[in-house]
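Undergrad: No sequence on hand, only this structure:
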């Protein structure tokens, strides 16, 4: 029987570094704000890193793995011992992560994925390059396919898509997730007193950053609106923060997705990207449960789209290539149809006959958005007083526009091998789910649905979860929903489920 193998001796260093990375930003905030406020005791809260480092050491020392004839065996723990057996035939992907420090030490981080859960079945942090090669060879020696993406040599397969620098920067601009970063940066700058320093240095002692905040607070309390001068300064500050974070987002997208290449190797898609941290990960085509094309306002402005897939046991959007990044972060609209034919050649959406939602749904959608408009207006009543009526009228107008446009955007269609669903007028999504991947079909009716003689049809796949782009078709007449449900249920029972 093969003997157990340990992780690389440097594993402890990377385990501790992983914990330190999670504490880096909050730790810096604590250190800086403690010095500004004079509360030096806050620094001692950083001592919480010590037990985490101890846990990292224990985990690294207790971790063992063994390559048996037909399975990978992983053992962890000294006191509470766990042993996991992972058959090679069930492994979907051997994901490899190698950053700058990995390359300096000649090691890699290996993630074993089977698709059985949303988590990695095994995570080897870290092993030598030679050990990784041994694991990969042993795993894919049991494959029946002539060529697997993980076992492919560099350059093997057919290149489907490459993203040049311009597209990477554009991706960072379009997918700018700056709201949370701006809020965090605002808090840090405020705690450090940099707002007061900037405004005092620029405008003298007559104005500080806290003066602006006081004006806003008085306005919310109904004691008058801020002066145009204060409003312009506040708006200018927020615009400067937004512009700075946008530039950072573009640079970060370039670094994170540098050299993005998507290749088809046999029956798999192999994605490789990253400047400092290189990531190579695989998506078996036969494991794709749903495919979603996303187009937000900026995507449409630049004639681009983003493509995301869900695989069995995976979760979208968070973050391997299905969790870490979309399958394709950005792609030109003119190339989208050709790309979809290469990924899912058995689905031809161009021949779909789209069916709309019930027109009566406009009234229901309008009532829902009306409630939101009233809640938003009530928040500004004290500040705006009678002007809040104008705000309410504007929001009701927008609610009416949204209701009409949203219901008009809803549509579903059945093609030879799949059900198609589209929704959204500002943020558009198109989702395709093959019959062979459907696990269950459900018919839902809320009390409001029954009142209006409507129902909803939901299609569950192996990769579906609460945050996924699932096929959930609302606002159908009861008869249409029942007929669609019966048709999909019949297709699901007639088609052999494919993992």
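TA: Cool, got the structure. Just so it is clear, the structure is predicted and the values come from calculations on it, not from any experiment.
Undergrad: can you pull the contacts of the residue lying closest to residue 360 once chain neighbours are set aside?
TA: Spatially, and ignoring its direct neighbours in sequence, residue 360 is nearest to residue 452 (6.0 Å; C-beta to C-beta, 6 or more residues apart in numbering). Using the backbone N, CA and C atoms, a C-beta is placed for each residue, glycine as well. Neighbouring residues of residue 452 by C-beta atoms under 8 Å, 6 or more residues apart in numbering: 358, 360, 364.
Undergrad: do the same with residue 98
TA: 107, 108, 109, 277, 278.
Undergrad: Which members of those occur in strands, if any?
TA: Within the contacts of residue 98, residues falling in strands by DSSP state E are 107, 108, 109, 278.
Undergrad: a helix runs through residue 492, doesn't it?
TA: Yes - under DSSP: H, G, I helix; E, B strand; the rest coil, residue 492 falls within a helix.
Undergrad: Now for residue 17, how many residues are close by?
TA: Number of residues near residue 17 (other C-beta atoms under 10 Å) recorded here: 14.
Undergrad: repeat for residue 240
TA: If we define neighbours as other C-beta under 10 Å, then residue 240 has 10 of them.
Undergrad: And it, which helix or strand is it part of?
TA: Taking DSSP states H and E as the definition, residue 240 sits inside helix 228-257.
Undergrad: Let me know the next secondary structure element after that helix.
TA: Sequence order places strand 261-265 as the next helix or strand after helix 228-257, per DSSP H and E.
Undergrad: so who does residue 109 touch?
TA: By C-beta under 8 Å, 6+ apart, the contact list for residue 109 reads 14, 96, 97, 98, 102, 123, 124, 125, 126.
Undergrad: what is it paired to in the beta sheet?
TA: Beta-bridge partners of residue 109, counted by DSSP bridges, are residue 97, residue 125.
Undergrad: picking that back up, most neighbours among the ones in strands among the contacts of residue 98, please name it.
TA: residue 107 (26 neighbours).
Undergrad: if I look at it, how far off is residue 276?
TA: 15 Å (C-beta to C-beta, to the nearest Å).
Undergrad: Residue 77 too?
TA: Plainly put, residue 77 is 33 Å away from residue 276 if you go by C-beta to C-beta.
Undergrad: neighbours of the nearest residue to residue 3 once chain neighbours are set aside, just the number please.
TA: Nearest non-adjacent residue to residue 3, counting by C-beta to C-beta, 6+ apart: residue 66, 7.1 Å away. Residue 66: 16 surrounding residues under other C-beta under 10 Å.
Undergrad: got it, and residue 416?
TA: The local packing of residue 416 (other C-beta under 10 Å) involves 9 other residues.
Undergrad: Now it: phi and psi?
TA: Recorded main-chain torsions at residue 416 are phi -60, psi -40, according to degrees, to the nearest 10.
Undergrad: So which residues of the stretch 251-400 of the chain form strands?
TA: All strands of the stretch 251-400 of the chain, identified by DSSP state E, counting those that start in this stretch, fall at 261-265, 268-273, 278-284, 288-295, 304-311, 328-332, 355-356.
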